[in-house]
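>>> Sequence first, then the predicted structure:
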2 protein chains.
Amino acid sequence: MSKKENGQIDSSLRNLFEDKNLAFVATIMKDGSPQITPTWVDIEDNQILINTAVGRTKQKNVARDPRIAISIADKNNPYHMVTVRGEVIDQITGEEAENHIDKMAKKYLNKDKYPFGTPGEKRILLKVKPTNVASM
Amino acid sequence: MSKKENGQIDSSLRNLFEDKNLAFVATIMKDGSPQITPTWVDIEDNQILINTAVGRTKQKNVARDPRIAISIADKNNPYHMVTVRGEVIDQITGEEAENHIDKMAKKYLNKDKYPFGTPGEKRILLKVKPTNVASM
């Protein structure tokens, strides 16, 4: 296990975020208990991007408490993994978030358009700044 | 997404725990922030079993706050998944925990003996009672 407290995601770990791996995202419920969900994930510079919908549990959680933890294991080798703790420093709705979910649909489903949208759903892009990075 | 608030893990979900899938486990750090780690996992009746070592971050976390969240995606079909929230209701050291890690080594590595033990390491078995179960 290698640990970094400067929040830097090494280039050897970037493929975990760039490949079609699911990320598991932990946030804090109103009562202080942990919540976890599998999600698609993206990386841009040293920020982790998570695209969710406004009003989902994890979005409400990070709006109240921005602290978040994210873990990814390589789908072809689960012992190549990374765990990040950090903070959601930005939550973006509108065109950027709507375009980004199509980028995720391309990555994970090889579809040009995200096919699972529901009427009235507003996408929201969570930008996560890592503070601690552990990898194996 | 199907949700159950009686904490019952349906038989259609048991294979997620019984197969060689990694579980992602979220606990609460002392400062109230979330922590997440990938772990081996087992199920017995309706309890989820996690075998860790005494003194590891997640063990210290659940000793202070037993609330836990666990998520598993099928390694062959990541859209077959379950997320459980619950509480660690028992922490067992000694022979039961030492034998159980060998059972996990058999399941995940096909080895009779757990090969990664370190000198002085004490295994501890966390027994989790699910309260909320969500699946897809």
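Yep, that arrived. Keep in mind it's a predicted model, so treat the numbers as computed, not measured.
>>> for whichever strand or helix holds A:I89, packing partners?
Assigned by DSSP states H and E, A:I89 falls within strand A:77-93. Identification of packing neighbours for strand A:77-93 by 3 or more C-beta pairs under 8 Å, 6 or more residues apart in numbering or on different chains; DSSP states H and E yields helix A:11-18, strand A:47-53, helix A:57-64, strand A:67-74, strand A:123-135, strand B:34-39. Placement of C-beta: from N, CA and C, glycine included.
>>> What angle do helix A:11-18 and it make with each other?
Calculated by axes from the mean of the first three to the mean of the last three C-alpha atoms, to 10 degrees, strand A:77-93 forms an angle of 70 degrees with helix A:11-18.
>>> Quick check: buried residues in the helix or strand following strand A:77-93?
Once the chain leaves strand A:77-93, the next helix or strand it forms, by DSSP H and E, is helix A:95-109. Applying a neighbour-count criterion of 16 or more other C-beta atoms under 10 Å in any protein chain shown, one finds A:97-98, A:100-102, A:104-105, A:108 buried in helix A:95-109.
>>> So which of those reach chain B?
Restricting those to those touching chain B (C-beta under 8 Å from any C-beta of the partner chain) yields no residues.
>>> quick one: which of the residues you listed is nearest chain B?
Nearest to chain B out of the buried residues of helix A:95-109 is A:Y108 (C-beta to the nearest C-beta; 9.1 Å).
>>> ok so, going back, columns distance to B:Q59 on top of the helices and strands packed on strand A:77-93, output as a markdown table?
Formatted as a markdown table, the helices and strands packed on strand A:77-93 follow (distance: least, C-beta to C-beta, whole Å):
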| stretch | distance to B:Q59 |
| --- | --- |
| helix A:11-18 | 25 |
| strand A:47-53 | 26 |
| helix A:57-64 | 24 |
| strand A:67-74 | 16 |
| strand A:123-135 | 16 |
| strand B:34-39 | 10 |
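>>> looking at those, which is closest to B:E87?
Closest of these to B:E87 is strand B:34-39, at 15.9 Å (criterion: C-beta to C-beta).
>>> helices or strands up against the next helix or strand after the closest one?
Counting by DSSP H and E, the element after strand B:34-39 in chain order, helix or strand, is strand B:42-44. Judged by 3+ C-beta pairs under 8 Å, 6+ apart, the packing partners of strand B:42-44 are helix B:11-18, strand B:47-53, helix B:95-109.
>>> Report the mean per-residue pLDDT for the first one.
Average pLDDT, helix B:11-18: 92.
>>> And for the second one?
When pLDDT is averaged over strand B:47-53, the result is 97.
>>> got the angle between that strand and strand B:77-93?
On the basis of the same axes, to 10 degrees, strand B:47-53 is oriented at 70 degrees to strand B:77-93.
>>> I appreciate the help and will end here.
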